[in-house]
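>>> Build me a model from this:
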Amino acid sequence: MNRLMKECKSESSNHLVQLLSHTSSSQQLHPMEVKDPTFPNQEGIKVSSLSIVLLVRIAQVSIPDSRSESLVQTFRETKEVIHFIDKTISTKSFENNDKLLFARAVWKGPDFNCLLPRIFASASEPSSDLDRAVVIITNLKRVLPLDLVRRELGYIMEFINRRTYSSIEDLYTFIEQLFVDILHTLLTQLPVAIFKLLTESPVEEFEGRATLAFKLLCKLESLEGKVQWSYPVGCNISRLVGGEAPATQRSMESLEEGIDLFTTDVNNHDLTIHDDVITVV
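Now for the predicted structure:
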(Lines give C-alpha, C1' and ligand atoms only; values in the text may rest on other atoms or scores of the structure.)
Protein backbone atom coordinates (compact mmCIF):
# COMPACT_ATOMS: atom_id res chain seq x y z
CA MET A 1 0.00 0.00 0.00
CA ASN A 2 2.93 2.34 0.66
CA ARG A 3 4.13 1.69 -2.89
CA LEU A 4 0.69 2.53 -4.23
CA MET A 5 0.60 5.72 -2.19
CA LYS A 6 3.94 6.84 -3.63
CA GLU A 7 2.79 6.09 -7.18
CA CYS A 8 -0.45 8.04 -6.71
CA LYS A 9 1.20 11.04 -5.11
CA SER A 10 3.74 11.20 -7.93
CA GLU A 11 0.86 11.99 -10.32
CA SER A 12 0.67 15.77 -10.54
CA SER A 13 -2.56 17.63 -9.73
CA ASN A 14 -1.03 21.09 -9.92
CA HIS A 15 -3.59 22.58 -12.29
CA LEU A 16 -6.49 21.26 -10.21
CA VAL A 17 -5.08 22.68 -6.97
CA GLN A 18 -4.28 26.05 -8.57
CA LEU A 19 -7.73 26.37 -10.10
CA LEU A 20 -9.61 25.53 -6.90
CA SER A 21 -7.28 27.81 -4.92
CA HIS A 22 -8.31 30.95 -6.83
CA THR A 23 -11.86 30.01 -7.93
CA SER A 24 -14.36 28.71 -5.37
CA SER A 25 -17.66 27.03 -6.14
CA SER A 26 -20.63 29.42 -6.31
CA GLN A 27 -23.16 26.67 -5.64
CA GLN A 28 -25.45 25.95 -2.72
CA LEU A 29 -24.82 22.25 -3.40
CA HIS A 30 -27.82 21.01 -5.32
CA PRO A 31 -27.09 17.26 -5.64
CA MET A 32 -25.65 16.62 -9.10
CA GLU A 33 -27.00 19.90 -10.49
CA VAL A 34 -25.50 23.33 -11.13
CA LYS A 35 -27.62 26.49 -11.09
CA ASP A 36 -26.81 30.07 -12.12
CA PRO A 37 -27.08 32.30 -9.00
CA THR A 38 -28.08 35.21 -11.26
CA PHE A 39 -31.08 33.21 -12.52
CA PRO A 40 -32.08 31.08 -9.51
CA ASN A 41 -35.50 30.22 -10.92
CA GLN A 42 -34.13 29.00 -14.25
CA GLU A 43 -33.40 25.33 -14.83
CA GLY A 44 -29.86 24.23 -14.03
CA ILE A 45 -27.48 21.74 -15.64
CA LYS A 46 -27.64 18.09 -14.61
CA VAL A 47 -24.03 17.30 -13.78
CA SER A 48 -22.29 14.33 -15.38
CA SER A 49 -18.93 13.40 -16.85
CA LEU A 50 -20.43 14.21 -20.27
CA SER A 51 -21.45 17.74 -19.25
CA ILE A 52 -18.00 18.64 -17.98
CA VAL A 53 -16.11 17.20 -20.95
CA LEU A 54 -18.43 19.07 -23.33
CA LEU A 55 -17.75 22.30 -21.44
CA VAL A 56 -14.00 21.71 -21.82
CA ARG A 57 -14.43 21.15 -25.57
CA ILE A 58 -16.53 24.35 -25.81
CA ALA A 59 -13.78 26.30 -24.05
CA GLN A 60 -11.11 24.81 -26.31
CA VAL A 61 -12.84 25.85 -29.52
CA SER A 62 -14.14 29.27 -28.42
CA ILE A 63 -11.58 30.67 -25.97
CA PRO A 64 -7.91 31.47 -26.80
CA ASP A 65 -5.54 28.64 -25.88
CA SER A 66 -3.70 30.79 -23.34
CA ARG A 67 -6.80 30.68 -21.11
CA SER A 68 -8.65 27.48 -22.02
CA GLU A 69 -5.54 25.30 -21.56
CA SER A 70 -5.92 25.55 -17.78
CA LEU A 71 -9.32 23.85 -17.97
CA VAL A 72 -8.00 21.20 -20.36
CA GLN A 73 -5.12 20.30 -18.05
CA THR A 74 -7.34 20.29 -14.96
CA PHE A 75 -9.78 17.92 -16.64
CA ARG A 76 -6.91 15.71 -17.77
CA GLU A 77 -5.79 15.42 -14.13
CA THR A 78 -9.27 14.56 -12.83
CA LYS A 79 -10.99 12.61 -15.61
CA GLU A 80 -10.38 9.23 -13.96
CA VAL A 81 -11.96 10.39 -10.69
CA ILE A 82 -14.86 12.11 -12.46
CA HIS A 83 -15.70 9.04 -14.51
CA PHE A 84 -15.50 6.80 -11.42
CA ILE A 85 -17.88 9.02 -9.42
CA ASP A 86 -20.36 9.38 -12.28
CA LYS A 87 -20.35 5.67 -13.09
CA THR A 88 -20.70 4.62 -9.45
CA ILE A 89 -23.48 6.91 -8.22
CA SER A 90 -25.56 7.40 -11.39
CA THR A 91 -28.86 5.55 -11.61
CA LYS A 92 -28.40 2.59 -13.92
CA SER A 93 -30.16 3.25 -17.23
CA PHE A 94 -29.43 3.03 -20.95
CA GLU A 95 -29.23 6.83 -21.20
CA ASN A 96 -26.78 7.22 -18.32
CA ASN A 97 -24.67 4.38 -19.69
CA ASP A 98 -24.62 6.11 -23.08
CA LYS A 99 -23.59 9.37 -21.41
CA LEU A 100 -20.60 7.64 -19.84
CA LEU A 101 -19.60 6.11 -23.17
CA PHE A 102 -20.01 9.41 -25.04
CA ALA A 103 -18.03 11.27 -22.38
CA ARG A 104 -15.06 9.00 -23.02
CA ALA A 105 -15.53 9.22 -26.79
CA VAL A 106 -15.76 13.03 -26.82
CA TRP A 107 -12.55 13.29 -24.80
CA LYS A 108 -10.60 10.69 -26.77
CA GLY A 109 -11.77 12.01 -30.13
CA PRO A 110 -10.64 15.20 -31.90
CA ASP A 111 -11.45 18.52 -30.26
CA PHE A 112 -14.23 20.68 -31.69
CA ASN A 113 -11.88 22.75 -33.85
CA CYS A 114 -12.62 20.21 -36.59
CA LEU A 115 -16.19 21.58 -36.66
CA LEU A 116 -15.19 25.18 -37.39
CA PRO A 117 -15.28 24.85 -41.22
CA ARG A 118 -18.92 23.76 -40.97
CA ILE A 119 -19.77 26.60 -38.56
CA PHE A 120 -18.23 29.27 -40.78
CA ALA A 121 -19.08 27.64 -44.11
CA SER A 122 -21.53 30.35 -45.12
CA ALA A 123 -20.01 33.38 -43.41
CA SER A 124 -16.62 34.85 -42.58
CA GLU A 125 -15.29 34.65 -39.05
CA PRO A 126 -15.95 37.75 -36.89
CA SER A 127 -12.90 39.87 -36.19
CA SER A 128 -13.32 40.14 -32.42
CA ASP A 129 -12.59 37.18 -30.13
CA LEU A 130 -15.87 37.66 -28.27
CA ASP A 131 -18.06 37.77 -31.38
CA ARG A 132 -16.27 34.72 -32.78
CA ALA A 133 -16.78 32.81 -29.52
CA VAL A 134 -20.50 33.65 -29.39
CA VAL A 135 -21.01 32.46 -32.99
CA ILE A 136 -19.16 29.21 -32.26
CA ILE A 137 -21.04 28.46 -29.04
CA THR A 138 -24.39 29.28 -30.63
CA ASN A 139 -23.80 27.00 -33.64
CA LEU A 140 -22.00 24.00 -32.15
CA LYS A 141 -25.22 22.14 -31.46
CA ARG A 142 -26.25 22.48 -35.12
CA VAL A 143 -23.13 20.75 -36.48
CA LEU A 144 -22.80 17.88 -33.99
CA PRO A 145 -24.02 14.52 -35.33
CA LEU A 146 -25.11 12.68 -32.15
CA ASP A 147 -28.56 13.36 -30.63
CA LEU A 148 -27.63 12.69 -26.99
CA VAL A 149 -24.49 14.82 -27.21
CA ARG A 150 -26.42 17.58 -29.00
CA ARG A 151 -29.03 17.61 -26.24
CA GLU A 152 -26.44 17.83 -23.46
CA LEU A 153 -24.55 20.50 -25.37
CA GLY A 154 -27.81 22.43 -25.80
CA TYR A 155 -28.29 22.63 -22.01
CA ILE A 156 -24.81 24.08 -21.58
CA MET A 157 -25.23 26.53 -24.48
CA GLU A 158 -28.52 27.78 -23.03
CA PHE A 159 -26.84 28.19 -19.64
CA ILE A 160 -24.00 30.25 -21.14
CA ASN A 161 -26.21 32.31 -23.47
CA ARG A 162 -28.47 33.59 -20.68
CA ARG A 163 -25.88 36.24 -19.94
CA THR A 164 -24.39 39.14 -21.89
CA TYR A 165 -20.61 39.37 -21.95
CA SER A 166 -18.52 42.53 -22.28
CA SER A 167 -15.30 40.83 -23.43
CA ILE A 168 -13.71 37.48 -24.15
CA GLU A 169 -12.23 37.63 -20.63
CA ASP A 170 -15.72 38.06 -19.20
CA LEU A 171 -16.93 35.01 -21.13
CA TYR A 172 -13.93 32.94 -20.06
CA THR A 173 -14.44 33.91 -16.41
CA PHE A 174 -18.01 32.62 -16.57
CA ILE A 175 -17.00 29.38 -18.32
CA GLU A 176 -14.22 28.85 -15.77
CA GLN A 177 -16.68 29.39 -12.90
CA LEU A 178 -19.14 26.96 -14.50
CA PHE A 179 -16.34 24.40 -14.90
CA VAL A 180 -15.38 24.77 -11.23
CA ASP A 181 -19.02 24.46 -10.14
CA ILE A 182 -19.55 21.26 -12.15
CA LEU A 183 -16.20 19.83 -11.05
CA HIS A 184 -16.83 20.65 -7.39
CA THR A 185 -20.35 19.15 -7.53
CA LEU A 186 -18.88 15.90 -8.85
CA LEU A 187 -15.88 15.75 -6.52
CA THR A 188 -18.00 16.30 -3.41
CA GLN A 189 -19.60 12.92 -4.11
CA LEU A 190 -16.34 10.96 -3.88
CA PRO A 191 -16.94 9.64 -0.32
CA VAL A 192 -20.47 8.59 -1.34
CA ALA A 193 -19.13 6.81 -4.42
CA ILE A 194 -16.40 5.04 -2.45
CA PHE A 195 -18.83 3.94 0.25
CA LYS A 196 -21.19 2.56 -2.40
CA LEU A 197 -18.32 0.83 -4.20
CA LEU A 198 -17.18 -0.95 -1.04
CA THR A 199 -20.52 -1.76 0.60
CA GLU A 200 -21.81 -3.35 -2.59
CA SER A 201 -18.63 -5.29 -3.25
CA PRO A 202 -18.51 -9.09 -3.39
CA VAL A 203 -15.88 -10.38 -0.99
CA GLU A 204 -13.64 -11.61 -3.79
CA GLU A 205 -13.58 -8.14 -5.40
CA PHE A 206 -13.13 -6.09 -2.24
CA GLU A 207 -9.34 -5.83 -2.26
CA GLY A 208 -9.27 -4.60 -5.86
CA ARG A 209 -12.03 -2.08 -5.18
CA ALA A 210 -10.33 -0.85 -2.03
CA THR A 211 -7.08 -0.38 -3.95
CA LEU A 212 -8.93 1.73 -6.52
CA ALA A 213 -10.56 3.80 -3.76
CA PHE A 214 -7.22 4.34 -2.05
CA LYS A 215 -5.65 5.44 -5.32
CA LEU A 216 -8.39 8.03 -5.90
CA LEU A 217 -8.14 9.33 -2.35
CA CYS A 218 -4.38 9.77 -2.65
CA LYS A 219 -4.87 11.64 -5.90
CA LEU A 220 -7.22 14.16 -4.24
CA GLU A 221 -5.53 14.38 -0.86
CA SER A 222 -4.26 17.90 -1.64
CA LEU A 223 -7.87 19.13 -1.95
CA GLU A 224 -8.57 18.83 1.77
CA GLY A 225 -10.19 22.14 2.75
CA LYS A 226 -10.96 23.09 -0.87
CA VAL A 227 -13.86 20.67 -1.45
CA GLN A 228 -16.93 20.28 0.74
CA TRP A 229 -17.14 16.49 0.85
CA SER A 230 -20.57 14.86 0.94
CA TYR A 231 -20.96 11.75 3.09
CA PRO A 232 -23.65 9.05 2.79
CA VAL A 233 -26.83 10.08 4.61
CA GLY A 234 -27.79 7.69 7.38
CA CYS A 235 -24.74 5.46 6.88
CA ASN A 236 -22.20 4.86 9.62
CA ILE A 237 -19.14 5.47 7.48
CA SER A 238 -17.01 5.83 10.62
CA ARG A 239 -17.36 2.07 11.12
CA LEU A 240 -15.72 1.62 7.74
CA VAL A 241 -12.81 3.94 8.40
CA GLY A 242 -12.37 3.02 12.06
CA GLY A 243 -12.76 5.10 15.21
CA GLU A 244 -15.86 6.61 16.78
CA ALA A 245 -15.97 10.18 15.41
CA PRO A 246 -19.02 11.12 13.28
CA ALA A 247 -18.40 10.64 9.57
CA THR A 248 -18.77 14.34 8.74
CA GLN A 249 -15.94 15.17 11.14
CA ARG A 250 -13.45 12.71 9.72
CA SER A 251 -10.90 13.76 7.16
CA MET A 252 -10.04 12.12 3.86
CA GLU A 253 -6.79 11.04 5.52
CA SER A 254 -8.80 8.96 8.01
CA LEU A 255 -10.72 7.37 5.18
CA GLU A 256 -7.44 6.44 3.50
CA GLU A 257 -6.17 4.84 6.72
CA GLY A 258 -9.41 2.90 7.16
CA ILE A 259 -9.31 1.49 3.65
CA ASP A 260 -5.66 0.53 4.14
CA LEU A 261 -6.42 -1.38 7.36
CA PHE A 262 -9.59 -2.90 5.99
CA THR A 263 -7.84 -4.21 2.88
CA THR A 264 -5.13 -5.79 5.02
CA ASP A 265 -7.70 -7.75 7.03
CA VAL A 266 -10.20 -8.73 4.39
CA ASN A 267 -8.20 -11.64 2.95
CA ASN A 268 -8.03 -13.36 6.34
CA HIS A 269 -11.58 -12.74 7.61
CA ASP A 270 -15.20 -12.88 6.54
CA LEU A 271 -16.76 -9.63 5.36
CA THR A 272 -20.36 -8.85 6.36
CA ILE A 273 -22.65 -5.92 5.59
CA HIS A 274 -25.60 -5.17 7.85
CA ASP A 275 -27.70 -1.99 7.96
CA ASP A 276 -25.24 -0.24 5.64
CA VAL A 277 -22.33 -0.94 8.03
CA ILE A 278 -19.31 -3.02 6.98
CA THR A 279 -17.77 -5.27 9.62
CA VAL A 280 -15.00 -7.87 9.58
CA VAL A 281 -15.54 -11.00 11.66
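>>> Name the single longest helix found in the protein.
In the chain, assigned by DSSP state H, the helix with the most residues is helix 65-89.
>>> Could you double-check that R163 sits in contact with F174?
Yes - if you go by CB atoms under 8 Å, R163 and F174 touch, sitting 6.4 Å apart. Every C-beta, even on glycine, is put in place using the N, C-alpha and C of the backbone.
>>> Neighbour count: these two, which is higher?
F174 (17 against 12; other CB atoms under 10 Å).
>>> tell me the mean pLDDT over the helix or strand that contains that one?
Using DSSP states H and E, F174 sits in helix 168-187. In this model, helix 168-187 carries a mean pLDDT of 93.
>>> Run through the neighbouring helices and strands of the helix or strand following that helix.
Using DSSP H and E, the helix or strand that follows helix 168-187 in sequence is helix 190-199. With contacts defined as 3 or more CB pairs under 8 Å, 6 or more residues apart in numbering; DSSP states H and E, the packing partners of helix 190-199 are helix 65-89, helix 206-219, helix 237-241, helix 252-266.
>>> low pLDDT regions in the stretch 151-281 of the chain?
233-281 (pLDDT under 70).
>>> at 90 what do you get?
Along the stretch 151-281 of the chain, segments meeting pLDDT under 90 span 158-159, 162-163, 185, 188-189, 191-192, 194-196, 198-281.
>>> Show me where the stretch 1-150 of the chain has its helices.
Here the stretch 1-150 of the chain has its helices, by DSSP state H, counting those that start in this stretch, at 2-9, 14-22, 49-62, 65-89, 94-108, 116-119, 129-143, 147-161.
>>> Relative to Q42, which of those is closest?
Closest approach to Q42 among the helices of the stretch 1-150 of the chain (CB to CB): helix 147-161, 8.4 Å.
>>> Please identify the buried residues of the closest one?
Buried residues in helix 147-161, counted by 16 or more other CB atoms under 10 Å: 149, 152-153, 155-157, 159-160.
>>> And for stretch 123-141?
Neighbour-count burial for stretch 123-141 flags 129-130, 132-137, 139-141 (criterion: 16+ other CB under 10 Å).
>>> Tell me the one of these nearest E43?
K141 (16.6 Å).
>>> Reformat the buried residues of helix 147-161 as TSV; add distance to I58.
Shown next, in TSV, are the buried residues of helix 147-161 (distance: CB to CB, whole Å):
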residue	distance to I58
V149	12
E152	11
L153	8
Y155	12
I156	7
M157	8
F159	11
I160	8
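>>> what sits against E125?
Residues in contact with E125 (CB atoms under 8 Å, 6 or more residues apart in numbering) are 132, 135.
>>> Could you report the distance from it to I137?
14 Å (CB to CB, to the nearest Å).
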